[in-house]
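**Q** Test case, fold it:
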Amino acid sequence: FDLVELDAASNRGIDEIRNLREKAAFAAAGGVDARKVYLVDEVHMLTEPAFNALLKTLEEPPPPVIFVLATTEAHKVPATVVSRCQRFDFRRIPLAAVVDRLAYIGGEEGIAAEREALEAIARAATGSLRDAINLLEQLVDSYGRALTLDQVREGLGLVVDPRSGELAASTLRGDLAGGLALISSVRDDGLDLRQFQRQVVAQLRGLLLAKAGTGPGDSWSEEQFAEMRALVAGVPAERIVATLRAFGEADLRADPLSPLPLELALATSVLEEAQAIAPARAPVPQPAPRAPAPAARAPAPRANPPPPPVATPPTPEPRANNANDKPAPKVEPLGDGSPLLDEARARWPDIYRKARAESNTVGALLNSGCGIIQASEREVVFGFQHEIHLNKIQSDGGEHLRALQKVVDEVLGEGKTVRCVQDAEVQVQRPPRGGHLVRAAEELAADDA
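**A** Predicted coordinates:
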């Protein structure tokens, strides 16, 4: 039969389809019984007039002609065209089948390749046998007919830095210092931080799959997957998901050389886990200072009924605690319902926009678990959910705080000192959302901070 291939991505107009239609009327070169096959690749790229010109030919094709319409986006093909075709959905070829075929080709062509090397080639081809064969040919041209796993990794750029797996493990263990040291060493070695981020995300994805009990798929060997299962044996799935999300959303596009997004992703993951554990520990120390109150009840055990009425002494205790509470005496008419606080919170969109204009870092930190918790004529207090964000805004020699002070002076008026504290229960404030691009940019900036 005659095979005619047409790339619809490059030949997508009505003139090309008219030319194809005219040629289809001619018989194949092999005689009366010969078939003529037209393979139209990426058919969804055709223009609407081109599809319309093809409809009649598809409905009543010449007897010896077969049209094969190939596409990776079937939903873009008009329904009028789909209704005139038989549809076959192809799946990716399994990894083992691709490896076996490459081994067969290697045997026929005199190529000696390690099984692990062929598996690496098959994974890089992502289920396409044609791409796998092309990669094999390229590697043979570069390294000869004896291929090793190291040569394949080098030739395809598949060398994985072992520190990516170590960073994933350090994060899940809550080892903040160890994780920061790993990121620093990667930066000092001059490696591409974006590529390193992708490797960390791939490692965390593998750990999530291992925790879920799925198979290794095409990305890992059984030995590697067994190690992953052992690593996450005592780690909750929610912890892995949160860590994967933090590193996956780290944005290195603005400054590919800055390790800050990776460091913030690490710190956020570790500190969120620490805060999740903290509530269980918090009640333990708190009863200790209140222990003296029960001491007053000590003589009461002689008569069990009296202790309930004696429960009134705890009421003075909260007053003592409130007197010792640091924020209360320092800031004046504060708290929810205060007109000054309501006004400050109402002006939050202006504060956020001016902060972004003054400093990208300050703007991102304000959009990352922050809110105004107190406001008076002399002071405005910003609360941050996470200590890492509080430390960040207080860093750089006070430059960030000065920028925030300037914004408060412009929006709320001069004479109000800015103070930043950590408050895990702060009422987080968000700027008004714009279009999807604005929303995506703000979310990425918040994740980076």
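**Q** Please make it C-alpha for all contacts and neighbour counts, starting now.
**A** Will do.
**Q** Could you double-check that I388 lies in contact with A267?
**A** Yes - counting by C-alpha atoms under 8 Å, I388 touches A267, with 7.0 Å between them.
**Q** Of the two, which one has the most company?
**A** With neighbours defined as other C-alpha atoms under 10 Å, I388 and A267 compare such that A267 has more, 24 against 15.
**Q** Could I get the pLDDT score of the more buried one?
**A** Per-residue pLDDT puts A267 at 92.
**Q** One more: A441?
**A** A441 is given a pLDDT of 52.
**Q** Go ahead and name everything in contact with stretch 350-363.
**A** 364, 366-367, 393, 400, 403-404, 407-408, 411, 431, 449 (C-alpha atoms under 8 Å, 6 or more residues apart in numbering).
**Q** my bad, should have said stretch 213-228
**A** With C-alpha under 8 Å, 6+ apart as the test, stretch 213-228 has contacts from 95, 123, 206-207, 209-210.
**Q** Same check on stretch 126-136?
**A** 92-95, 98, 102, 121-122, 124-125.
**Q** ok, of the residues you listed, which one's closest to E16?
**A** Of all these, R92 has the smallest distance to E16: 30.9 Å, by C-alpha to C-alpha.
**Q** count of neighbours near the closest one?
**A** For R92, using other C-alpha under 10 Å, the count is 10.
**Q** is it true that A424 lies in a strand?
**A** No - A424 sits outside any strand when classified using DSSP: H, G, I helix; E, B strand; the rest coil, being coil.
**Q** which residues does it contact?
**A** A424 touches 384-386, counting by C-alpha under 8 Å, 6+ apart.
**Q** returning to that earlier point: which pair in the contacts of stretch 126-136 spans the largest distance?
**A** Pairwise distances across those (C-alpha to C-alpha) peak at 15.6 Å, for the pair R92 and L102.
**Q** Output whichever helix or strand V381 is part of in CSV with nothing but the alpha carbons.
**A** Under the criterion of DSSP states H and E, V381 resides in strand 379-384. What follows is strand 379-384, C-alpha atoms only, in CSV (Å, rounded to 0.1, in the frame of the first residue of the first chain):
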residue,chain,number,x,y,z
GLU,A,379,1.0,51.5,68.0
VAL,A,380,-0.1,48.9,65.3
VAL,A,381,0.7,45.3,66.0
PHE,A,382,1.0,42.7,63.2
GLY,A,383,0.6,39.1,64.1
PHE,A,384,2.3,36.3,62.1
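**Q** That one: what's the following helix or strand?
**A** Downstream of strand 379-384 (by DSSP H and E), the next one is helix 387-393.
**Q** List the contacts of the strand holding V381.
**A** Counting by C-alpha under 8 Å, 6+ apart, residues outside strand 379-384 touching it are 331, 369-375, 390, 415-424, 426.
**Q** repeat for stretch 88-103
**A** 113, 115, 118-119, 122-123, 126-129, 132-133, 136, 218.
**Q** Pull out the buried residues from the contacts of stretch 126-136.
**A** Burial by neighbour count, judged by 16 or more other C-alpha atoms under 10 Å, picks out 94-95, 98, 102, 121-122, 124-125 from the contacts of stretch 126-136.
**Q** And the pLDDT for the closest residue to R18 other than its chain neighbours?
**A** Closest residue in space to R18, ignoring its immediate chain neighbours: A53 at 6.9 Å, by C-alpha to C-alpha, 6 or more residues apart in numbering. As predicted, A53 sits at a pLDDT of 88.
**Q** A53: neighbour count?
**A** 17.
**Q** what's near enough to touch it?
**A** Neighbours of A53 in contact, by C-alpha under 8 Å, 6+ apart: 14, 17-18.
**Q** quick check, it in a helix?
**A** Yes - judged by three-state DSSP, A53 forms part of a helix.
**Q** ok, G107 to A113 distance?
**A** 9 Å (C-alpha to C-alpha, to the nearest Å).
**Q** higher neighbour count, those two?
**A** A113 (20 against 12).
**Q** Leaving out sequence neighbours, find the closest residue to the more buried one.
**A** L147 (4.6 Å).
**Q** Residue ranges in the protein under the pLDDT threshold?
**A** 1, 27-33, 159, 217-219, 221, 274-337, 431-449 (pLDDT under 70).
**Q** What ranges does it have for its strands?
**A** Listed in chain order, the strands of the chain (DSSP state E) span 2-7, 36-41, 65-69, 112-113, 146-147, 370-375, 379-384, 417-422.
**Q** List the buried residues in the second one.
**A** By 16+ other C-alpha under 10 Å, the buried positions in strand 36-41 come out as 36-41.
**Q** Which of those residues sits closest to A9?
**A** Using C-alpha to C-alpha, the buried residues of strand 36-41 come closest to A9 at D41, 7.7 Å.
**Q** quick one, what contacts the closest one?
**A** Contacts of D41 by C-alpha under 8 Å, 6+ apart are 5-9, 69-71.
**Q** again, 7 Å this time
**A** 6-8, 69-71 (C-alpha atoms under 7 Å, 6 or more residues apart in numbering).
**Q** Give me the buried subset of these.
**A** Judged by 16+ other C-alpha under 10 Å, buried ones among the contacts of D41: 6, 8, 69-71.
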